[in-house]
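K.L.:
Here is my input, please return the structure:
(one chain, ligands or ions: 3)
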Amino acid sequence: MAMLRFVLGDQLSRAISSLRDLGKGDVVLVCEVADETRYVRHHKRKIAFLFAAMRHFAEDLRAEGVTVDYVALDDAASTGSFTEELRRAVQRHAPEAIVVTEPGEWRVRQMMEDWREELDVPVEIRPDDRFLCSHERFRNWADGQKQLRMEYFYREMRKATGYLMEGDHPAGGKWNYDHSNREPLKRGIAPPDRPTYAPDAITRQVLDLVAGRFGNHFGSLDDFDYPVSRADALHYLDWFVAEALPEFGTYQDAMRQGAPLLFHSHVSALINCGLIDPREACDRAEAAFRDGKAPLNAVEGFIRQIIGWREFIRGVYWREMPGYESSNALSADRPLPDFFWTGETDLNCLRQCFREVQASAYNHHIQRLMVIGNFCLLCGFDPRQVQEWYLVVYHDAYEWVEMPNVVGMILYADDGLFATKPYAASANYIDKMSDYCGTCRYSPKAKTGEGACPFNLLYWDFIARNARRLKTNPRMNRTYATLERMDEAKVRTIRAEAKAFLDSLQATGNY
Ligand code: FAD
Ligand code: DLZ
Ligand code: SF4
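P.N.:
Ligands and ions are numbered 1, 2, ... in the order given. Modelled structure (predicted):
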């Protein structure tokens with residue numbers, strides 16, 4: 001008898017564990033379900049990207065002769081939930097067993113655990129070995145550490161995978177070349193033009209469906225040109241490795257107005273949904289280094305993001321869930337202002353990032369971390385609202401990767417589980433790494449008074465406000481020593497102006 005193999009929308013890989021021993025007569029179930037589109041109100045582009053990728057994946061399987069049972073969102077009989085669609089599929093196919101790969105999110109794992117009982121069919125849940133580090137291996141590593149530090153995890157991953165290793169030693173003699181990766185973009189350096197992928201008939205149908213059903217969700221569908229098939233994703237990856245990777249490292253932290261992608265790979269959504277395997281991305285990057293086509297600082301930086309940060313973040317999520325989502329070590333409770341959704345703010349750095357994410361469902365890492373994230377930290381926005389925003393707006397966002405980045409990396413809401421100190425910064429950092437300040441109504445140099453950049457006011461207000469909790473952190477010693485040396489009247493002025501700014505933020509909760 002046949003197996004029913006259920007593939008989720010972020011498991012679109014022919015090599016996914018649930019399809020590995022696909023037999024003749026087996027049926028692959030893929031379904032677009034309303035529940036997944038509305039547990040948060042995702043960016044229109046994220047829904048369109050995923051549905052288009054799911055439909056192309058189904059076509060690729062069919063071309064291989066596989067039987068695919070595809071339930072589209074607008075199928076009249078669709079129930080709108082994973083569990084009920086699976087129940088209907090069991091009635092249609094009477095399978096011997098259901099085979100699935102474990103999901104990326106805790107809430108879906110809870111559903112899966114109930115399926116055995118609810119559906120009265122054996123359910124086999126297989127590990128997701130697209131990740132290079134299993135849950136068990138991460139836990140074993142983490143349990144042996146005094147503090148969780150990505151850098152040490154990363155070195156273990158380098159040794160385990162052999163990426164950029166020469167025997168027992170890291171290529172070039174150092175594990176990490178980040179010190180070469182902090183250059184602002186010099187005038188005259190132009191990021192490369194990207195290949196575009198015009199929507200075919202399948203994608204056009206999805207775009208119409210999403211425009212009709214999700215017209216009131218955040219974001220735009222205009223000029224959709226992202227890869228949605230395996231073939232286009234691989235073509236795009238090859239383009240990145242040849243044309244952008246060589247400068248990826250040097251300008252990794254840079255920001256430029258009107259240039260949202262710079263030298264970034266823009267592959268996170270493709271990797272997270274399964275169209276590109278993380279090993280494929282690392283293999284190609286390493287080959288570029290070995291062939292002398294990309295420098296070590298770029299390739300090491302890129303591979304570190306994938307086998308280091310990406311795996312580490314996933315390990316933290318599964319180790320800390322459930323409960324991690326409620327972390328709020330700094331007792332932050334301010335509501336998220338409406339301009340996160342409308343983009344209408346006179347802080348130019350934020351306005352540029354919000355415009356870009358509205359148009360493309362993408363910001364690069366430093367925009368997410370040091371502009372938007374830094375602002376959320378300094379203002380003390382409610383971590384649950386910040387998590388929801390990050391999960392909604394990015395096309396690569398799934399809870400396993402969004403949550404530790406928000407809770408741990410930007411908000412320090414987990415009390416420094418893996419960050420040595422909060423990533424708080426004044427306008428100086430943004431001014432150094434971008435050209436945003438040049439056309440802003442505020443001055444990054446002005447510390448108080450008319451035209452003072454709100455980041456400057458908010459920075460010292462944050463430091464003063466959280467002194468009880470942060471002062472004992474040795475990495476904050478110099479900051480608190482500076483605060484103590486500051487003139488008391490000046491501190492009072494800064495805090496009064498910060499309060500006036502915070503009080504002016506409007507939040508109606510509408511989006
Ligand atoms: P590149 O800069 O080219 O980096 C290469 C790859 O490394 C990425 O594609 C990604 O797969 C991986 N990577 C890099 N940094 C991280 C990281 N911190 N965590 C996990 N993977 C990483 N990434 C997501 O995939 N989904 C998210 O929902 C997400 N939310 C984030 C929220 C915040 C607050 C922050 C600070 C970061 C978040 N990131 C998230 C990580 C990172 O910003 C994005 O992966 C990256 O910007 C995607 O663009 P890219 O593909 O051009 O990445
Ligand atoms: C994000 C998403 C959306 C919007 N829609 C679907 C869907 O209709 N069908 C599906 O299988 N998956 C979808 N996804 C991805 C799931 O939310 C994701 O698989 C789970 O969150 C587990 O990571
Ligand atoms: Fe942002 Fe301040 Fe620079 Fe304006 S001056 S762009 S608000 S950092």
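
K.L.:
Please make it C-alpha for all contacts and neighbour counts, starting now.
P.N.:
Fine.

K.L.:
Helices of the stretch 51-200 of the chain, residue ranges please.
P.N.:
For the stretch 51-200 of the chain, the helices defined by DSSP state H, counting those that start in this stretch occupy 82-93, 106-119, 135-143, 150-161.

K.L.:
Would you mind giving the domain segments of this protein?
P.N.:
3-126, 135-192+244-320, 339-503 (automatic domain parsing).

K.L.:
any chance of these in TSV, with mean pLDDT, mean neighbour count and distance to ligand 2 too?
P.N.:
Formatted as TSV, these follow (pLDDT from 0 to 100; neighbours: other C-alpha atoms under 10 Å; distance: least, C-alpha to the nearest ligand atom, whole Å):
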stretch	mean pLDDT	mean neighbour count	distance to ligand 2
domain 3-126	97	18	3
domain 135-192+244-320	96	18	8
domain 339-503	97	19	6
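
K.L.:
Relative to ligand 3, which of these is closest?
P.N.:
Evaluated with C-alpha to the nearest ligand atom, the domains of the chain place domain 339-503 nearest to ligand 3, the distance being 3.6 Å.

K.L.:
Is ligand 1 within reach of that closest one?
P.N.:
Yes - applying C-alpha under 6 Å from any ligand atom, one finds domain 339-503 in contact with ligand 1 at 364-365, 368-369, 373, 396-398, 401-402, 405-406, 410.

K.L.:
can you give me the end-to-end distance of that domain?
P.N.:
The first and final residues of domain 339-503 sit 14 Å from each other (C-alpha to C-alpha, to the nearest Å).

K.L.:
Find out how far that domain is from the centre of the chain, if you would.
P.N.:
Distance of domain 339-503 from its chain centroid, counting by C-alpha atoms, centre = their mean, to the nearest Å, is 18 Å.

K.L.:
For stretch 434-443, give me every contacting residue.
P.N.:
184-185, 254-257, 346-349, 430-431, 444, 451-454 (C-alpha atoms under 8 Å, 6 or more residues apart in numbering).

K.L.:
mind running it again at 10 Å?
P.N.:
Contacts to stretch 434-443, defined as C-alpha atoms under 10 Å, 6 or more residues apart in numbering, come from residues 184-186, 253-258, 346-352, 427-428, 430-431, 444-445, 450-456.

K.L.:
For it, measure first residue to last.
P.N.:
14 Å.

K.L.:
Distance of the residue lying closest to A72 once chain neighbours are set aside relative to W318?
P.N.:
In this structure, A72 finds its nearest non-sequential neighbour in E32, 5.2 Å apart by C-alpha to C-alpha, 6 or more residues apart in numbering. Per C-alpha to C-alpha, E32 is found 25 Å from W318.

K.L.:
residues contacting the residue nearest to L261 when sequence neighbours are not counted?
P.N.:
Distances taken as C-alpha to C-alpha, 6+ apart put H364 closest to L261, at 6.7 Å, once the chain neighbours are dropped. When contacts are counted by C-alpha under 10 Å, 6+ apart, H364 touches 252-255, 260-266, 353, 356-357.

K.L.:
again with R109
P.N.:
Counting by C-alpha under 10 Å, 6+ apart, R109 has contacts E102, P103, I125.

K.L.:
let's see it at 8 Å
P.N.:
Contacts for R109 (C-alpha under 8 Å, 6+ apart) come out as E102, P103.

K.L.:
Around ligand 3, pick out the residues from the protein.
P.N.:
In this structure, the chain approaches ligand 3 at residues 347-349, 427, 430-431, 436-437, 440, 442-444, 453, 455, judged by C-alpha under 6 Å from any ligand atom.

K.L.:
From these, pick the one nearest G308.
P.N.:
Lowest distance from G308 to those (C-alpha to C-alpha) belongs to I430, with 25.5 Å.

K.L.:
Give me the next element, helix or strand, following the host helix or strand of the closest one.
P.N.:
If you go by DSSP states H and E, I430 is part of helix 427-433. Next along the chain after helix 427-433, taking DSSP H and E as the criterion, comes helix 454-465.

K.L.:
next helix or strand past that next one?
P.N.:
With elements assigned by DSSP H and E, the helix or strand that comes after helix 454-465 is helix 467-470.

K.L.:
In terms of secondary structure, what does the helix or strand that that following helix is followed by contact?
P.N.:
Downstream of helix 467-470, the first helix or strand assigned by DSSP H and E is helix 477-485. If you count contacts as 3 or more C-alpha pairs under 8 Å, 6 or more residues apart in numbering; DSSP states H and E, helix 477-485 packs onto helix 454-465.

K.L.:
my guess is T508 meets D338, correct?
P.N.:
Yes - using C-alpha atoms under 8 Å, T508 is in contact with D338, at 6.5 Å.

K.L.:
Name the nearest of the contacts of H364 relative to D75.
P.N.:
If you rank those by distance to D75 using C-alpha to C-alpha, V357 comes first, at 30.6 Å.

K.L.:
Does that closest one belong to a helix, a strand or coil?
P.N.:
What DSSP: H, G, I helix; E, B strand; the rest coil gives for V357 is helix.

K.L.:
could I get the residues of domain 339-503 next to ligand 1 as JSON lines with secondary structure?
P.N.:
Below are the residues of domain 339-503 next to ligand 1 laid out as JSON lines (three-state DSSP):
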{"residue": "H364", "secondary structure": "coil"}
{"residue": "H365", "secondary structure": "helix"}
{"residue": "R368", "secondary structure": "helix"}
{"residue": "L369", "secondary structure": "helix"}
{"residue": "G373", "secondary structure": "helix"}
{"residue": "D396", "secondary structure": "coil"}
{"residue": "A397", "secondary structure": "coil"}
{"residue": "Y398", "secondary structure": "coil"}
{"residue": "V401", "secondary structure": "helix"}
{"residue": "E402", "secondary structure": "helix"}
{"residue": "N405", "secondary structure": "helix"}
{"residue": "V406", "secondary structure": "helix"}
{"residue": "I410", "secondary structure": "helix"}
